[in-house]
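[1] Here is the input, now give the coordinates:
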Amino acid sequence: MTFDRTIHLPVGADEAFALITEPERLRRWQTVAARVDLRIGGEYRWTVTPGHHAAGTFQEIEPSKRIVFTWGWESGMDLAPGASTVSITLEPDADGTTLRLVHDGLNVEQAAAHAEGWNHYLDRLIAETTSPAGAGPDDWSAAPDPIDHISSAEASLAVLLGVLRRLTEEDREKATPCEDFTANELLEHLARSLKQIGSALGADMIDDAGADAEVRIAGLAQTTLEAFSRRGIEGTIDMGFAPLPATVVAGILNLELFVHAWDFAKATGQKLDVSEIVTNHVEALARM
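    Have a look, this model is predicted:
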């Protein structure tokens, strides 16, 4: 079975290619977090929604023209990474770019599920390029089902990145509800916390300190959460100052992402719209 859809985007082919390959652009319409090694044989891993991770390798790359990659899920759908193939072709036209997405190698059940998913995200891609406000928050990322330590952290990350996306240079010196921290100092604290947890999990933490706040924190959080997802929450983790139960470390990670999203929002006058499912879960972790 094959999913096949063509859409029109009112942007040039270079911009369209960036939207489907660059992590910062993918987060606007399709992913919570994304790791992309854009070369033949390079791997990608996308947190499409909290708890659901697509992965595969790039097979063909023609910048601004075509990209082909294998596709599958780390869990669920009975479709392992590499088990199917996605081809995206870009054709310039008078008003922008025609994008055709073809997903091959699916059975009937998988084709139906992926048709729902691709239609949802292609509609969001259209909105990202046609609406002044872009695609906006994705309702599919609001409330993980089921929710656990890792999926709630990924949902919290989606909330945090939405706030950091609107953080300006002028905002960095504003006071936050954390009495000792300006927004910039809180950003440094959050980066340190993510690096500490990621390093304790054995991840190679690369901090792009000169990047925009959203890009910097997204990179650190994606690496940390991916490492946690691989490890699981069993046993203890040596944090350097003490071994802690992995569940405690995961709880701390949830709090760092979720509570500081609120801190940044309060400092910059933003309003958070967060699912009670996530709020209640993180509060329960905090109480533990």
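[2] the strands in the stretch 101-250 of the chain, which residues?
    Listed in chain order, the strands of the stretch 101-250 of the chain (DSSP state E, counting those that start in this stretch) span residues 236-238, 243-245.
[3] I figured residue 285 hits residue 257, correct?
    No: because the distance of 11.3 Å does not satisfy CB atoms under 8 Å, residue 285 is recorded as not touching residue 257. Glycine gets a C-beta too; all of them are placed from N, C-alpha and C.
[4] Generate CSV for the strands of the stretch 101-250 of the chain, with mean pLDDT, distance to residue 153 and mean neighbour count as supplementary columns.
    Supplementary listing: the strands of the stretch 101-250 of the chain in CSV, determined by pLDDT from 0 to 100; distance: least, CB to CB, whole Å; neighbours: other CB atoms under 10 Å:
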stretch, mean pLDDT, distance to residue 153, mean neighbour count
strand 236-238, 98, 14, 14
strand 243-245, 97, 16, 14
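[5] got these as JSON lines, with distance to residue 3 columns?
    Rendered in JSON lines, the data for the strands of the stretch 101-250 of the chain read as follows (distance: least, CB to CB, whole Å):
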{"stretch": "strand 236-238", "distance to residue 3": "40"}
{"stretch": "strand 243-245", "distance to residue 3": "43"}
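[6] Residue 88 is nearest to which of these?
    Of all the strands of the stretch 101-250 of the chain, the one in closest proximity to residue 88, counting by CB to CB, is strand 236-238 (39.0 Å).
[7] which stretches of this structure form helices?
    13-21, 23-29, 108-130, 149-164, 183-200, 213-231, 246-268, 276-287 (DSSP state H).
[8] and the shortest one, what other elements does it pack with?
    For helix 23-29, the helices and strands in contact under the criterion 3 or more CB pairs under 8 Å, 6 or more residues apart in numbering; DSSP states H and E are helix 13-21, strand 33-36, helix 108-130, helix 213-231.
[9] residues near residue 75, how many?
    By the criterion of other CB atoms under 10 Å, residue 75 has 10 neighbours.
[10] tell me the contacts of it?
    For residue 75, the contacting residues are residue 53, by CB atoms under 8 Å, 6 or more residues apart in numbering.
[11] where are the low-confidence patches of the stretch 1-150 of the chain?
    Flagging of the stretch 1-150 of the chain using pLDDT under 70 yields the residue ranges 76.
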